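**Student:** here are the coordinates; sequence isn't available:
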């Protein structure tokens, strides 16, 4: 049975990935990571997760770069890590990548996103930029409303203990991602259900 990540074995996997990259590649990768692995590493939520969600990459100047799939070289080495540590084959994936959209303000990311990233280095060829608590509130608000009902995204959002103003800002950002009236209604219903009627009324 494939294992899930907690803080210890998540760090082990990233350390091994970094070490293998240092031996096998001359390229440096900087990955921007959101989701459960970022929550765990940043100590924001205590739980496990099954994967590492890469939302973007960064260049040497820390510019955000869109990503639709993990680069082939990195994917191959991640596969070797998966085999050695008995992880799911897609433990490192670019599932959230479509959030990045050059046609949207700030490329579809919350304003100030890059300045809130926290970087960890894993060897000489791998840096991981984990998203901040505030950006987790934004992402989890969007993901929870997108699911349209109870989900682990909503659980994570509540564990982040968001303020009403944070939720309101998150809702406004989320509606850039999905401007449909139905999505707005879902956000309002969700905020009412979790005890934030004032934020719901101001969306």
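**Tutor:** Thanks, I have it. Bear in mind the structure is a predicted one, so any value in this text is a computation, not a measurement. Residues are numbered from 1 along each chain as shown.
**Student:** list the buried residues for stretch 157-170?
**Tutor:** 157, 160, 162, 166-170 (16 or more other CB atoms under 10 Å). From N, CA and C alone the C-beta is placed, and that goes for glycine too.
**Student:** wait, which of these is closest to residue 119?
**Tutor:** The nearest member of the buried residues of stretch 157-170 to residue 119, counting by CB to CB, is residue 160 at 20.9 Å.
**Student:** excluding chain neighbours, what is closest to the closest one?
**Tutor:** residue 137 (5.5 Å; CB to CB, 6 or more residues apart in numbering).
**Student:** now name the helix or strand holding the one you found.
**Tutor:** helix 133-147 (DSSP states H and E).
**Student:** which residues sit against the next helix or strand after that helix?
**Tutor:** Heading C-terminal from helix 133-147, the first helix or strand you meet, by DSSP H and E, is helix 152-159. If you take CB atoms under 8 Å, 6 or more residues apart in numbering as the criterion, helix 152-159 is touched by 36, 39, 44-45, 47, 136-137, 140-141, 143-144, 147, 190, 194.
**Student:** what's the closest of those to residue 110?
**Tutor:** Looking across the contacts of helix 152-159 and measuring by CB to CB, the closest to residue 110 is residue 137, at 9.1 Å.
**Student:** for that closest one, give its distance to residue 167.
**Tutor:** 7 Å (CB to CB, to the nearest Å).
**Student:** what of residue 20?
**Tutor:** Residue 20 is 41 Å from residue 167, by CB to CB.
**Student:** check contacts around residue 66.
**Tutor:** Residue 66 touches 56, 97, 100, 102, 107, counting by CB under 8 Å, 6+ apart.
**Student:** just want the most central residue of this structure.
**Tutor:** residue 34 (1.5 Å; CA atoms, centre = their mean).
**Student:** verify the stated contact: it with residue 55.
**Tutor:** Yes - with contacts defined as CB atoms under 8 Å, residue 34 counts as touching residue 55 at a distance of 4.8 Å.
**Student:** between the two, which contacts overlap?
**Tutor:** With CB under 8 Å, 6+ apart, residue 34 and residue 55 have common neighbours 96, 131.
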